[in-house]
Structures are given as C-alpha cells and as structure tokens.
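Participant: Pasting a predicted model and its sequence here:
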Amino acid sequence: MLRRWMLFALGGVLIAGILLPVLVLPQDQVKKNGCLDRDTAEPLIDHRFDEVRSKIQNVLLESGVASISVAVAKSGKIIWEESFGWANREKMIKANPNTLYSLASISKPITATGLMILVEQKLVELGRPVNDYLGQSKLKSYEGNPSAATVRHVLNHTAGLPLHWHFFYENEPYRRPSMDETIQRYGIVVAPPGSAYVYSNLGFGIIDYVISRVSHLSYPDFMRTKVFLPLGMTHSSVAVGAGLEAYAAQRYDGNQAPIPSYDFDHPGASAIYASAHDLVRFGMFQLRDHLADQRPILKDETIELMQSEKDTTTPDKNYGLGLRIDKDSYGYRTVSHNGGMPGVSTSLKLVPSEDIAVVVLSNGSNGRIYTLENDILSAMLPEYAEKFKTKEKEKKPEEKPEKFSPPPSLLGEWTGEIKTYSGVMPLTLAFEPDGDVHVRIKGQLETLLNRVHFKDDILSGVCSGEIQTDDAKLSPHIIQFGMGLKGERLDGFVSATALKWYALSSWIHLDKKK
C-alpha cells in the first residue's frame, strides 16, 4: 500500500539580479481596501519589512534569480507590495506588483476554487466517482475498482494516481495530447483510493478537464469569467492570456538564459499566471475578508471545507481540497501552497487566526525563495519569530543516509512486469543481504537500484534504464520506483523521469519467487 509517499521537483539556480529602486507610495494612491492603484505600479512600503527587503536584495545578488515580487495583506488590507529585479532582462523590463508570474503548483488551489463553484451549483458532487465526469477515457486500475476514486480524492491527492508531470516546450516539435489521450495512457489508479497520499499533477489536469466538461466552457474561459474577474484578479490568466503578454515575467534557468515557453498536459495543476497583487487578493478571499470589490464566488462554509483537515499526509500536516494545512507552523495554524518548476519559485501562505496573507513570487528556481515567507511572518508575529529562530538553531546537519538493509520479507528474487500503455516489460528485482538490489529489465543491461528506501511497507528507489514508450523515449531518463509490499507481492508504479520534461508513470507488479 502506498501512503505518505511524496516527491517534489525543483529546478536549478540562476546568477546575478538587478534591483528596483525603492519608492514609497503616496497615500492618495492607495484604495480603501489597501490595494495598489494599477496605474502607478509602484511599491507600497511598510518599514517593518526593511530587514526582509535587504535579505531579498542579497538573495538576488547571491543567487542570480532575475526578480522577486512580494505582497502582504493583514485584516483585509494590503500593507506591503514591492518588486525587485527584472521581469525580462533582455527587454530591460523591471518587475512590479502587476507583473504576471508563472505560479506552478499554486495553480492547484485556484483551480480547486473554480471546481468548488460547480460543487455549490450542484453540478459536481465531491463524493461521486471522478469517472462520472470524464469523457471517452476513464481512470483504470489493474487491481480494485477505479470508480472508488472520487472527486474529493483527486482534489486531495489520495485517488491513488501516481507521480506525473509532462512539459512541452515551444522550441520542440512535440505538442501536448488531448486530455482523453493522457488519461488513457496515464490515468492509472495504483493504490486503493483514500489509502495513499501521492502528489500527482495529473489529478489536477483531470480537475480542469472536469471543469470544462461540466461548465461547457474552456478551462481558461471558465477561470477568467468565474474566478479571476469576480475576484478583481485582472492580471491573472491560464497561461499568458491575450492582452497580458507585456506584463508576463520571463522564466530563467540557472545560467541566466531565458527558458522557452512551455505547456503541460495538466494545466489545472501548473498553468496559471498571476501578479503578486492579484495572488494576495486571492489569499484575502480564502481568508474570507469580503473585499468590497470582490464578488462572493463561494460561501464561507465552502472555503472552510477546502481548508479542512480530514485527509492526513503526515502527523502534523494535511492536504485539504487544493491547499496544504499545517497545524503548527511555528505556533500558528497555516494554510498554504508552494510552486516550483523550471524558472519558477512561488509561495502563498495564509495565517487565518491573524488574518494574514503572504505572497512571494520569482521567475527563477532557487530554494532560498521559500524561506522569505518565514522572514516576512517573523517581522509581523513575535511568537512566530521566536519559534522560527529556535528551530533553526536546533537544526542538525543532514546525516548521510544509512546503507539499505533489506528485511527478511524482501530478500530474494521478485519477478513481474511493468505494464505501459504500449506493452509489457518483464523485469526482476533481486534483494541481496548486503543491501544491493539488482534490477533486470528484459532486453536491458542489469543495473542497481539506488537511493533505496523502505519504511511502512513502502519501497522506493531509482535506477538507470529505459521505459519503452514513444513519449518516454524522447529524452534520456531515470526510472523511479514507488511500490507497496502486500505479503509476497510488490505493486505500485514506476516512472520514467526526466526532470525538465516529464515523469510518466506505469503500473508495476512483482511476485516473490518461491
């Protein structure tokens, strides 16, 4: 059984950024709800954050990220909104609070908000099988009943869907397939729904497909007319909408080179763009601040349901309906989501008890971006700051993983097959007493399973090799394993993973050789 098994992918590191000058916004340019006048695009400064501003400048100089934009709201008013660096270096366009950033996985809570509109209209039921809302292709399972995977399961990553992402770059000849084709190839329920948390972008690609099928609008049109415009998010869109091109931040790789534009077969998981100004307004909506210029697209009780804590992923963290919930983040319950992919690092964090929303967006990939939300909250909440500093001091250096020592239940040979959409690949795993795990895929060189981890009957690891499907063969990749032990059987998924391009998963099962 797969449970509590997660994998996140982050991109590389960039070099040298250039900073925006500091300007203070005159008070007559601030709306009554604390929002920036869109005609000025100048920063709104709160001097409590001066140390954070200095840290942002250092992050840009030391990491080379092109730009960082932040927005902070408290009690329904935006109190800090500022951008640093370049939205586009080549065109010398400075970032500002209206700059559109690719959000990556922060698309998920926004897409979930769109779906919940249809739930309130009783056009979608959370407890019904998601297959009831799909078209020609349905989720399938090689064991169990795929109809047990409900809409709710898909929203909180417990439908049993495996690891998945698939990028399509504009400078390459490959274009994304239809959602029916993606579901036919990769819509496999690999664990009993409700039993496992496996973070799957495919699930939110399915959610955006459900939105379009049920609403009879394209996913971008539905989000624009039913979510963005009613919430006053006029600098937000699925991909870069028509007329917004001049506002969009260019994504950059670790060598400061522009990354070609890319598409996905899971838009609802990854494709939304928004400015820091717009995203903090979305945060205020999730905090139920009832801004005068926002229409109430969801009832308060529906928003509360999205942030519920019923589906546990770890003892102290949960994933609600499109949102992560941390019961104790340095003394506070928080609701959040991060995003990371090539040329993108983003974070949205809400502290409901304090009515605080924090947004940090960047057009580069760097882990230091994600620490800035803690610095911002530390500047506002003394208890948060004290506990954050204490825990940082208590952090121990990361220990080298111990060599894998297989339990008796795994020792010996296991034989079975990888079942891809285009055929079957026989394979054998041999677990040796010394911890070596030999992988033999028919027709390929024998190799070793690396980074082997086994806990709570979950086995994971990676090896060299090739998944022989037409799309996986387009790029060199590694093979990732995620399997659950059930008596003398291992089953789950293997994924052909090429970080910048795809993680494409297939069903695997193995039986212990007598």
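Facilitator: Everything's here; your move.
Participant: Kindly tell me how buried Lys400 is, as a neighbour count.
Facilitator: As a burial measure, Lys400 scores 6 neighbours (other C-beta atoms under 10 Å). No exception for glycine: its C-beta is placed from N, CA and C like everyone else's.
Participant: Following the chain past the lowest-mean-pLDDT helix or strand in the chain, name the next helix or strand.
Facilitator: Lowest by mean pLDDT, DSSP states H and E among the helices and strands of the chain is strand 317-319, with a mean of 80. Heading C-terminal from strand 317-319, the first helix or strand you meet, by DSSP states H and E, is strand 324-329.
Participant: Given that next one, what are its sheet partners and their directions?
Facilitator: Using DSSP bridges, the strands paired with strand 324-329 are strand 317-319 (antiparallel), strand 332-341 (antiparallel).
Participant: and that strand, which residues are buried?
Facilitator: 324-326, 329 (16 or more other C-beta atoms under 10 Å).
Participant: Which residue, other than its chain neighbours, is closest to the one residue sitting closest to the centre of the chain?
Facilitator: The centroid of the chain falls nearest to Ser105 when counting by C-alpha atoms, centre = their mean (2.9 Å). In space, and not counting its chain neighbours, Ser105 is closest to Gly339: 4.1 Å by C-beta to C-beta, 6 or more residues apart in numbering.
Participant: Is it correct that that neighbour is in contact with Tyr101?
Facilitator: No - look at Gly339 against Tyr101 with C-beta atoms under 8 Å: they stay out of range, at 9.2 Å.
Participant: overlap in contacts of those two?
Facilitator: Counting by C-beta atoms under 8 Å, 6 or more residues apart in numbering, the common neighbours of Gly339 and Tyr101 are Thr346.
Participant: Name the residue in those two with the higher neighbour count.
Facilitator: Tyr101 (34 against 23).
Participant: Might you report the residue contacts of the more buried one?
Facilitator: Here Tyr101 is in contact with 69, 249, 273-276, 344, 346, 361-363 (C-beta under 8 Å, 6+ apart).
Participant: Closest one to Ala257 out of those, please.
Facilitator: Of all the contacts of Tyr101, Ala257 sits closest to Asn363, with 12.4 Å by C-beta to C-beta.
Participant: Excluding chain neighbours, what is closest to the closest one?
Facilitator: Ala249 (4.1 Å).
Participant: the inter-axis angle of the helix or strand harbouring Ser107 versus strand 332-341?
Facilitator: Here Ser107, judged by DSSP H and E, is contained in helix 107-120. Note on geometry: by axes from the mean of the first three to the mean of the last three C-alpha atoms, to 10 degrees, helix 107-120 and strand 332-341 are set 110 degrees apart in direction.
Participant: Report the next helix or strand after helix 107-120 in sequence order.
Facilitator: helix 151-155.
Participant: Check which helices and strands that next one sits against.
Facilitator: If contacts are counted by 3 or more C-beta pairs under 8 Å, 6 or more residues apart in numbering; DSSP states H and E, helix 151-155 sits against helix 107-120, helix 201-215.
Participant: at 7 Å instead, please
Facilitator: Contacts defined by 3 or more C-beta pairs under 7 Å, 6 or more residues apart in numbering; DSSP states H and E place helix 151-155 against helix 201-215.
Participant: beta partners for Thr415?
Facilitator: Going by DSSP bridges, Thr415 forms beta bridges with Thr428, Asp511.
Participant: List the residues that contact it.
Facilitator: Residues in contact with Thr415 (C-beta atoms under 7 Å, 6 or more residues apart in numbering) are 428, 510-511, 513.
Participant: Can you verify my assumption that Ser362 contacts Ser63?
Facilitator: No - between Ser362 and Ser63 there is no contact under C-beta atoms under 7 Å: 9.4 Å.
Participant: rewinding a little: just give me the closest of the buried residues of strand 324-329 to Lys299.
Facilitator: So of the buried residues of strand 324-329, ranked by how close each gets to Lys299 (C-beta to C-beta), first place is Ile325, at 19.3 Å.
Participant: what's that closest one in contact with, if anything?
Facilitator: By C-beta under 7 Å, 6+ apart, the neighbours of Ile325 are 307, 309, 317-318, 335.
Participant: ok, and the most crowded of those residues?
Facilitator: Val335 (24 neighbours).
Participant: Report pLDDT for that residue.
Facilitator: In this model, Val335 is scored at 97, pLDDT.
Participant: if I look at it, how far off is Pro352?
Facilitator: 6 Å (C-beta to C-beta, to the nearest Å).
Participant: Adding distance to Leu244, write the strands paired with strand 324-329 out as JSON lines.
Facilitator: Below are the strands paired with strand 324-329 laid out as JSON lines (distance: least, C-beta to C-beta, whole Å):
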{"stretch": "strand 317-319", "distance to Leu244": "30"}
{"stretch": "strand 332-341", "distance to Leu244": "19"}
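Participant: Please identify which of those is closest to Trp80.
Facilitator: The nearest among the strands paired with strand 324-329, by C-beta to C-beta, is strand 332-341 at 18.0 Å.
Participant: sorry, back to before: out of the strands paired with strand 324-329, flag the one nearest Tyr186.
Facilitator: Closest among the strands paired with strand 324-329, once you apply C-beta to C-beta, is strand 332-341, at 18.1 Å.
Participant: what does the closest one contact?
Facilitator: Outside strand 332-341, the residues touching it (C-beta under 7 Å, 6+ apart) are 8-11, 103-106, 108-109, 270, 286, 307, 323-327, 346-353, 365, 370, 384.
Participant: Those residues, buried ones only, as a PyMOL selection?
Facilitator: PyMOL command restricting the contacts of strand 332-341 to the buried ones, with burial defined by 16+ other C-beta under 10 Å:
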select buried, resi 9+10+11+103+104+105+106+108+109+270+286+307+323+324+325+326+346+347+348+349+350+351+352+365+370+384
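Participant: Of the contacts of strand 332-341, which belong to strands?
Facilitator: Among the contacts of strand 332-341, the ones falling in strands (DSSP state E) are 324-327, 346-351.
Participant: before we move on, the earlier item: top of the contacts of Tyr101 by number of neighbours, please.
Facilitator: When neighbours are counted by other C-beta under 10 Å, Ser362 leads the contacts of Tyr101 with 37 neighbours.
Participant: list the contacts for that one?
Facilitator: Applying C-beta under 7 Å, 6+ apart, we find Ser362 in contact with 65, 67-68, 345-346, 369.
Participant: nearest to Met223, of those residues?
Facilitator: Thr346 (17.3 Å).
Participant: separation between His164 and Leu504?
Facilitator: Going from His164 to Leu504 by C-beta to C-beta gives 7 Å.
Participant: Which residues are in contact with each of these two?
Facilitator: Common neighbours of His164 and Leu504 (criterion: C-beta under 7 Å, 6+ apart): Tyr186.
Participant: coming back round to it: how close does the residue nearest to Asn363 get to Ser237?
Facilitator: Taken as C-beta to C-beta, the span from Ala249 to Ser237 is 13 Å.
Participant: what about the strands in the stretch 151-300 of the chain?
Facilitator: 165-169, 236-238, 262-264, 272-275 (DSSP state E, counting those that start in this stretch).
Participant: How about the stretch 351-500 of the chain?
Facilitator: Using DSSP E, counting those that start in this stretch, strands in the stretch 351-500 of the chain cover 356-362, 412-420, 423-431, 437-441, 447-448, 450-455, 458-464, 478-486, 489-498.
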